[in-house]
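[1] Provided below are the primary sequence and the corresponding predicted coordinates.
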Protein chains: 2
Amino acid sequence: MIPASPLAYVPFVSVQNMMGLVHQTGIETFLTELADHIEEDFKRWPEFDKVPRVASHVPGGVIELMPTADQALYGFKYVNGHPRNTRTGHQTVTAFGVLSEVSTGYPVLLSEMTLLTALRTAATSALVGRYLAPAGAQVMAMIGNGAQCEFQAMAFRAICGINRLRLYDLDATATEKATRNLRAQGFDVTPCQSAEAAVEGAHIITTCTADKQYATILTDNMVGAGVHINAIGGDCPGKTELHRDILLRSDIFVEYPEQTRIEGEIQVLAPDHPVTELWQVMRGEVQGRRHDKQITLFDSVGFATEDFSALRYLRAKVAGTGFVQALDLLADPDDPRDLFGMLARAAPGTGA
Amino acid sequence: MIPASPLAYVPFVSVQNMMGLVHQTGIETFLTELADHIEEDFKRWPEFDKVPRVASHVPGGVIELMPTADQALYGFKYVNGHPRNTRTGHQTVTAFGVLSEVSTGYPVLLSEMTLLTALRTAATSALVGRYLAPAGAQVMAMIGNGAQCEFQAMAFRAICGINRLRLYDLDATATEKATRNLRAQGFDVTPCQSAEAAVEGAHIITTCTADKQYATILTDNMVGAGVHINAIGGDCPGKTELHRDILLRSDIFVEYPEQTRIEGEIQVLAPDHPVTELWQVMRGEVQGRRHDKQITLFDSVGFATEDFSALRYLRAKVAGTGFVQALDLLADPDDPRDLFGMLARAAPGTGA
């Protein structure tokens, strides 16, 4: 067996190592540092090559590739969304991602991203909340208590100081699960019997349900003046959560309009309905919240730069630690033109 | 440390294991079986979701994602093309790929594809050669003797019975390398001093150079009646190998016109220049070679279904062998809605 060259190995972060890294860092510190990286990249938005993600709509779900690049690094994520997966013990969303050097095209990091996506989605929501939520916000309603719920709560506490939660899910066992997990983290949690009850007195409303259909999680009369809505679940053509009238009363903030108009809540509005791009708010070029009666709405769908930021953060974080393994992913012959010679000279029977 | 569930693990084929598998199978058998899978999938072409690959053109090269799916499986490949990489000891092309279940979106195979791409590109060329090369073809000219050269030769011998080769490369050391490797495999090899000399008496002309520019590897007077041209290298906008007049004298066969018109030799022709789709030839719906004076041209760019076929073949081939490892790539909590609980309950310090 010929030993592989160093160029052959790609640093790999497994699920176990991702969990270890998050614990060692502390989840709230991790979310805060991650949000800082996401914010840095939003602030240099024009430097990125951007394209709506490439979605394959398959029966029961969607499989997406989300690439982006700056001058130095290229990143992409593979992610699926299959709402019925939970019936067979599978996750609705699984993901992994890769970061590569632009100059050579060689991957420099492969990572699990099921956990990292949950973390970056929450970090992005809370980062946006810091710009848009009403001053002095203390209470968040959370409608949809599935896999993303607790991550959102942790991020909003770490980044926006929110500790009081009002939970509701159509499936009461999901609310029980989230209540148990979040009380264990020291949150003041009120499980509610209806979405109407959950939003009572809330300054921030987070919707994160998973059904791939036009649903109405929030109706117009449930949303009072001054609220910030963090709409996570509407992220696919044909999948929305909010009544159209709420959209018409709100100022709508988006990641990347070209993608959000296809996938977000605003897919039900006219293609030229005005929206504000978050990178401009973060750069201070456009005002976010203007007054305390305004309804702000983050129509979150998740964009490739957020995954790029997460991979960039992770790469720096695992460098030199035990949380990364070397994966024999790239054939790398001594003479780069002699790939065949490398194969021909490899001893037979090198099965691991 | 909580043991991961079986759903968390994705079968992974490393470079070492790919080499071991190819040796155990025998490279010509491997190429033949691979070509059979590629042919099977071309013959059921309408069953695939097809889209031109998603290319990020970066300074010095390109990084591409190539997805496709049928009703049961989704596959994609990551591949770069950086012609100047060899100057720094890197491969021009590296690749890896993933196969997933459409019903759940879960990956079921991750594999190195630098070697597998070289093999599938060669297998596709030879498969197409079997349909289009003139009857009784015995001699192949190969212009461009880089990493892909020997794989092409092996495939044309395994699938079309070609054993006589005439080699030329601008870089004489590349020709020396290929000559050495191919004589060791029992080929009758003639190294040549010019492209003109190489094509003399050849029934098949394979061009596989790597420069990302409009180059003229073949001029019109070099191509005689009855020849089959296997044009591998023109596979990017701005990267072609053949003089336009050759294209105008040839009957042109392509994988997926929507992609080839962007990337192939035919990018220099009118967007409605007639081409024949290979899947129709393989299904017997359209004639391939019609007579022995005809110049046939395979304008190869490489399409996602070929990688899909390769991954499908590989998955069956490694099942139950030692050539596959289990990679901890997917977070998979006991309760799929309780991703946070899985993270929260993981013991700290699980670094590998």
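    Ah, there it is. Residues are numbered from 1 along each chain as shown, chains lettered A, B, ... in the order given.
[2] can we go C-alpha only for contacts and neighbour counts from here?
    Will do.
[3] which residues sit in contact with the residue nearest to A:Tyr106 when sequence neighbours are not counted?
    In space, and not counting its chain neighbours, A:Tyr106 is closest to A:Ser100: 5.4 Å by CA to CA, 6 or more residues apart in numbering or on different chains. Residues in contact with A:Ser100 (CA atoms under 8 Å, 6 or more residues apart in numbering or on different chains) are A:Leu73, A:Tyr74, A:Gly75, A:Tyr106, A:Pro107, A:Val108, A:Leu109.
[4] Just the buried ones out of the residues you listed, please.
    Using 16 or more other CA atoms under 10 Å in any protein chain shown as the burial test, the contacts of A:Ser100 include A:Leu73, A:Tyr74, A:Gly75, A:Tyr106, A:Pro107, A:Val108, A:Leu109 as buried.
[5] with the residues you listed in mind, which one is nearest to B:Leu311?
    Closest approach between the buried ones among the contacts of A:Ser100 and B:Leu311, by CA to CA: A:Pro107, at 19.7 Å.
[6] Please list the residues outside the worst-scoring helix or strand of chain A on mean pLDDT that contact it.
    For chain A, using mean pLDDT, DSSP states H and E, the weakest element among its helices and strands is strand A:214-218, scoring a mean of 76. Here strand A:214-218 makes contact (CA under 8 Å, 6+ apart) with A:Ile143, A:Ala195, A:Thr207, A:Gly238, A:Lys239, A:Thr240, A:Glu241, A:Leu242, A:His243.
[7] Can you pull the phi/psi pair for the residue nearest to A:Gln325 when sequence neighbours are not counted?
    Spatial nearest neighbour of A:Gln325, excluding adjacent residues (CA to CA, 6+ apart): A:Phe12 at 5.1 Å. Main-chain torsions, A:Phe12, degrees, to the nearest 10: phi -130, psi 130.
[8] dump the residue contacts of A:Phe12.
    With CA under 8 Å, 6+ apart, A:Phe12 has these contacts: A:Leu109, A:Leu110, A:Ser111, A:Val324, A:Gln325, A:Ala326, A:Leu327.
[9] and the last one, what does it touch?
    Just to be clear, that refers to A:Leu327. If you count contacts by CA under 8 Å, 6+ apart, then A:Leu327 has A:Tyr9, A:Val10, A:Pro11, A:Phe12, B:Ser14 around it.
[10] how near is the first one to chain B?
    According to CA to the nearest CA, to the nearest Å, A:Tyr9 stands 10 Å off from chain B.
[11] what's the burial count for that residue?
    A:Tyr9 is flanked by 21 other residues according to other CA atoms under 10 Å in any protein chain shown.
[12] The one 10 residues further on now?
    Other residues within reach of A:Met19, judged by other CA under 10 Å, total 27.
[13] Run a quick neighbour tally on A:Gln138.
    18.
[14] what about the closest residue to it other than its chain neighbours, how many neighbours?
    Leaving aside its sequence neighbours, A:Gln138 sits nearest to A:Ile162 (CA to CA, 6+ apart; 5.1 Å). By other CA under 10 Å, the residues close to A:Ile162 number 22.
[15] Name the residue of the stretch 51-200 of chain A that lies nearest to chain B.
    A:Ala147 (4.4 Å; CA to the nearest CA).
[16] still on that earlier bit, make a ChimeraX selection of whichever of the contacts of strand A:214-218 turn out to be buried.
    Filtering those down to the buried ones (16+ other CA under 10 Å) takes a single ChimeraX command:
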select /A:143,195,207,238,239,240,241,242,243
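[17] Among the contacts of strand A:214-218, which ones are in helices?
    A:Ala195 (DSSP state H).
[18] So which of the contacts of strand A:214-218 is the closest to chain B?
    A:Ile143 (14.2 Å).
[19] still on that earlier bit, out of the contacts of strand A:214-218, what pair is the most spread apart?
    A:Ala195 and A:Gly238 (21.6 Å).
[20] about what we covered before: check the residue nearest to A:Gln325 and give its pLDDT.
    Here, the pLDDT recorded for A:Phe12 equals 97.
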